[in-house]
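[1] could you look at this predicted model? Sequence included:
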Amino acid sequence: MLRQLDELHVSILVPVYNEDPGYLRLGLESFLRQTRRPDSVHIVDDGSTSSDYAEVRAWWEQAARQAGVAGTWQRVPNGGKRHAQAHGVGVSPDADIYITCDSDSCFAPNAVAEIIAPFARPRVQSVAGIVIATNNRANLLARITDLWFTTSQLVDRSGQSAVGAVTVNSGPLAAYRAEVVRDNLGSYLNERFLGRPVMFSDDSLLTLYAQERGLTVQQPSAVVFTAMPEKWSHFTRMYLRWMRGSTIRSVWRMKYLSPARPAFWLHLMRWFQVFLVQMVTAWLLLVEPIAFDNLPPTSMLWVPFLIGWAQGLRYLGVIRSDERIRSRAVTWLMMPLAIILAWTALRWLRWYGMATCARTGWGTRQNGAEVSLSAGPTSVPPVGAVPAQRSSPTPVVKLLDPESEQTLEIALPRR
């Protein structure tokens, strides 16, 4: 089994558009320190206007050559993330597995080895990694986003994975059998909704292609670090893009997924739950007080918080050596803020995103990087250094996995 996995040609596709050079280099360094290095890395600068990345490119080409990692670096006219990925696919015809990531993705050292491990099962067509914030302590918004995002992956997505029906892989780290990407490249590049080209929701579309062929799973030991929004404007635009993409993808799932697949029924149940929650909430907050003079039950004030804290215990199961447990506990205690945010601003943004799903533009990073890797705790080493050659101890994150009842130790990126 291990020999079969070792023989797979693994290619990493890295689309780049107006990314912060510090985050880009941090991610590229992480490819070189992998326990199972990729066979090739294909970087495509999608017509960036904020930088030409000359220094990062010069460092990368030398470091990759020394590490024995093949690759290409292309600069192409701006065509969107999907077209940038397609350029990478075009120069890697021998790949057996494509790993997709974002330009600010920083892989844990065993991420490649872990993300391809489920492909030992022939029916598995795609694998989702676990996304953790690099900048989780930047401010309150980053903390709450990290809490919400990590918990949803380890609760909701883990449940989907148990029946081989993960509906959406995350952009910072996902892997696909090469045929899933190559055979659907035409429709992937030319998706249209209401006559307009769709520029976002690329990860969910690739996951849909994989669902049509077999199992889509999550690998909780494949960890990637990414930059979470630090400003509300950035978060709002990102969330609206997600909600618009989710709406479009929901239409395609209902149209193309077979009822014989668990993913179809999970998707149907999700929308039933969404509408049921809205109806019950409106009834308790509007109809009961106005029509029957009954105030909402007090349980509405505390039950959601108890459920949130219970689910958030999975967040405490991710132990980072670069962060004290009391800091993570403080973040966990902020779950009521995340729930209030979900019940207020995010609820309206969700419905607004659904109503405006015909706006299919990307929406972020048009004027440069939204988040920058500042000098200090997350700064990158001097040009020319190869992280794998450092002799200082590497911090680790311990992920408590209830399915295997094991503690997984995963090295963190150098901070």
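    Done, it's in. Residues are numbered from 1 along each chain as shown.
[2] in which helix or strand would I find residue 331?
    Applying DSSP states H and E as the criterion places residue 331 in helix 325-333.
[3] in that helix, what counts as buried?
    Neighbour counts over helix 325-333 (16 or more other C-beta atoms under 10 Å) mark 328, 331-332 as buried. All C-beta spots, glycine's among them, are computed from the backbone N, C-alpha and C.
[4] ditto for stretch 30-39
    By 16+ other C-beta under 10 Å, the buried positions in stretch 30-39 come out as 30-34, 36-39.
[5] list the contacts of it.
    With C-beta atoms under 8 Å, 6 or more residues apart in numbering as the test, stretch 30-39 has contacts from 6, 9-12, 41, 63-64, 67-70, 95, 99, 105-113, 116, 386-388, 413.
[6] which members of the residues you listed occur in strands, if any?
    Among the contacts of stretch 30-39, the members found in strands (DSSP state E) are 10-12, 41, 70, 99, 106-107.
[7] closest one to residue 226 out of the buried residues of helix 325-333, please.
    residue 331 (16.7 Å; C-beta to C-beta).
[8] I'd guessed that closest one sits against residue 316; true?
    No. Residue 331 is beyond contact range of residue 316, at 9.0 Å (criterion: C-beta atoms under 8 Å).
[9] first-to-last residue distance for stretch 206-219?
    17 Å (C-alpha to C-alpha, to the nearest Å).
[10] average pLDDT across that stretch?
    What stretch 206-219 shows for mean pLDDT is 96.
[11] and stretch 105-123, by the same measure?
    95.
[12] hmm, back to that, which among the contacts of stretch 30-39 end up buried?
    Looks like the contacts of stretch 30-39 have 9-12, 41, 63-64, 69, 95, 99, 105-113, 116, 387, 413 buried, using 16+ other C-beta under 10 Å.
[13] could you pull out the buried residues of the helix or strand residue 56 falls within?
    Using DSSP H and E, residue 56 maps to helix 54-67. For helix 54-67, burial by neighbour count (16+ other C-beta under 10 Å) applies to 56-57, 59-60, 63-64.
[14] do I have it right that residue 48 meets residue 20?
    No. Under the criterion of C-beta under 8 Å, residue 48 makes no contact with residue 20, lying 11.0 Å away.
[15] these two: which is more packed in?
    residue 20 (21 against 18; other C-beta atoms under 10 Å).
[16] what residues does the more buried one make contact with?
    104, 227, 369, 371-373.
[17] for it, which non-adjacent residue is spatially closest?
    Spatial nearest neighbour of residue 20, excluding adjacent residues (C-beta to C-beta, 6 or more residues apart in numbering): residue 369 at 3.8 Å.
[18] and that neighbour, how many residues sit next to it?
    Residues lying near residue 369 (other C-beta under 10 Å) number 22.
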